[in-house]
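Trainee: Sequence and predicted structure below; questions after.
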Amino acid sequence: MTFLDKLRAAERQNGSLLCVGLDPEPTKFPAHLKGDASKIYDFCARIVDATADLVIAFKPQIAYFAAHRAEDQLEKLMEHMRRNAPQVPTILDAKRGDIGSTAEQYAREAFERYGADAVTLSPFMGFDSVEPYLRFEGKGAFLLCRTSNPGGSDLQGQRLAGVPGEPFLYEHVARLAQGPWNLNGQLGLVVGATYPNEIERVRALAPTVPLLIPGVGAQGGDAVATVRAGWRADAPIVVNSSRAICYASAGDDFAEAARREATRTRDGLEAAKA
């Protein structure tokens with residue numbers, strides 16, 4: 001089963017477009033875990049177990065583990081998700097972007113060490129920085145396209161004078177992901193929920209690729225506008241919310257609160273499809 005097949009199956013089975021981002025910050029953990037980086041796995045595993053039937057994907061952000069020397073806990077978490085939520089694909093949010101043998105090693109890290117179904121990448125260095133990931137059959141790669149951070153416009157919103165029609169950089173990336181770079185249907189795009197007009201533009205340029213859309217929840221993205229701009233019956237969107245779900249409660253009921261918030265967000269996204 002390819003990554004795209006797995007996404008579609010999870011969308012059908014769980015009736016969901018919601019991706020829960022796993023960005024563990026020990027200072028935000030509930031009182032009995034607070035400040036203890038050795039409990040990262042325990043915290044994340046509880047969130048996973050509470051929401052596994054509500055999501056289209058999980059997205060662990062590697063920096064939140066690596067900063068605490070918790071890569072071993074990330075490996076354990078990835079195994080936990082494969083064992084306890086095998087129907088839910090995992091997207092390793094790593095935003096790698098390098099060439100040649102270095103990219104090969106990053107690809108092995110994502111797909112062999114951590115066993116991710118997909119990974120996020122920066123396309124800035126060109127196709128040879130992306131191609132090593134596409135050698136892993138059935139795996140996916142989401143290219144940064146139009147991101148939600150304020151500085152995204154510094155480069156993504158600039159026109160390319162050397163390309164016919166002088167498209168914006170993000171438009172050019174969308175066309176590459178839909179066309180010549182997408183050799184085996186493995187590519188997707190990252191487009192921020194805070195830019196629904198750009199989501200709609202990216203979807204027009206890349207009508208069949210999956211879109212990973214962060215920014216709903218704590219970042220203030222409009223869920224309804226996001227779905228209407230990007231979702232198509234034959235082209236999935238993966239709408240990520242991290243902090244609003246993981247830190248819905250600072251008490252011992254954090255997992256139950258995460259489930260309530262995930263349910264609310266999932267149901268809102270589903271309603272927007274109508």
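Mentor: Yep, that arrived.
Trainee: need the helices for the stretch 101-250 of the chain, in chain order.
Mentor: For the stretch 101-250 of the chain, applying DSSP state H, counting those that start in this stretch gives helices covering 131-134, 153-156, 169-178, 196-205, 223-230, 243-246.
Trainee: any low-confidence regions in the stretch 151-274 of the chain?
Mentor: Applying pLDDT under 70 to the stretch 151-274 of the chain picks out residues 217-221.
Trainee: can you map out the strands along it?
Mentor: Ranges of strands within the stretch 151-274 of the chain are 187-191, 211-213, 237-241, based on DSSP state E, counting those that start in this stretch.
Trainee: Now tell me what touches the second one from outside.
Mentor: With contact meaning C-beta atoms under 8 Å, 6 or more residues apart in numbering, strand 211-213 is reached by 19, 59, 91, 120, 142, 188-193, 199, 202-203, 221, 226, 230, 235-240. C-beta coordinates here come from the backbone N, C-alpha and C atoms, glycine included.
Trainee: what do you get if the cut-off is 7 Å, keeping everything else the same?
Mentor: 91, 142, 188-193, 199, 202-203, 226, 230, 237-240 (C-beta atoms under 7 Å, 6 or more residues apart in numbering).
Trainee: mind listing what the nearest residue to P210 once chain neighbours are set aside touches?
Mentor: Residue nearest to P210 in three dimensions, not counting chain neighbours: G188, with 4.0 Å by C-beta to C-beta, 6 or more residues apart in numbering. Counting by C-beta under 7 Å, 6+ apart, G188 touches 140, 142, 209-212.
Trainee: who does G188 bridge with?
Mentor: Beta-bridge pairing for G188 (DSSP bridges): F142.
Trainee: Would you mind finding the longest helix in this structure?
Mentor: The single longest helix within the chain, with elements called by DSSP state H, is helix 254-273.
Trainee: Return the distance of the nearest residue to I99 once chain neighbours are set aside relative to Y64.
Mentor: Leaving aside its chain neighbours, I99 sits nearest to S129 (4.8 Å; criterion: C-beta to C-beta, 6+ apart). Counting by C-beta to C-beta, to the nearest Å, the separation of S129 from Y64 is 24 Å.
Trainee: again, but for A235
Mentor: 29 Å.
Trainee: Can you classify A94 by secondary structure?
Mentor: strand (DSSP: H, G, I helix; E, B strand; the rest coil).
Trainee: Quick one: residues contacting it.
Mentor: Contacts for A94 (C-beta under 7 Å, 6+ apart) come out as 62, 110, 119-120.
Trainee: Now tell me what touches stretch 136-143 from outside.
Mentor: 1-4, 91, 107, 111, 117-121, 123, 130, 133-134, 173, 177, 186-190, 212.
Trainee: Report the buried members of these.
Mentor: Burial of the contacts of stretch 136-143 was assessed by neighbour count (16 or more other C-beta atoms under 10 Å); the buried members are 3-4, 91, 107, 111, 117-121, 123, 130, 133-134, 173, 177, 186-190, 212.
Trainee: mind checking the SS state of P30?
Mentor: Classification of P30 into helix, strand or coil gives coil, according to three-state DSSP.
Trainee: thinking it is in contact with G251, fair?
Mentor: Yes. Using C-beta atoms under 7 Å as the test, P30 is close enough to G251 to be in contact (5.7 Å).
Trainee: Redo the helices of the stretch 101-250 of the chain as a markdown table? Include distance to E11.
Mentor: Compiled in a markdown table, these are given as follows (distance: least, C-beta to C-beta, whole Å):
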| stretch | distance to E11 |
| --- | --- |
| helix 131-134 | 23 |
| helix 153-156 | 27 |
| helix 169-178 | 20 |
| helix 196-205 | 16 |
| helix 223-230 | 12 |
| helix 243-246 | 18 |
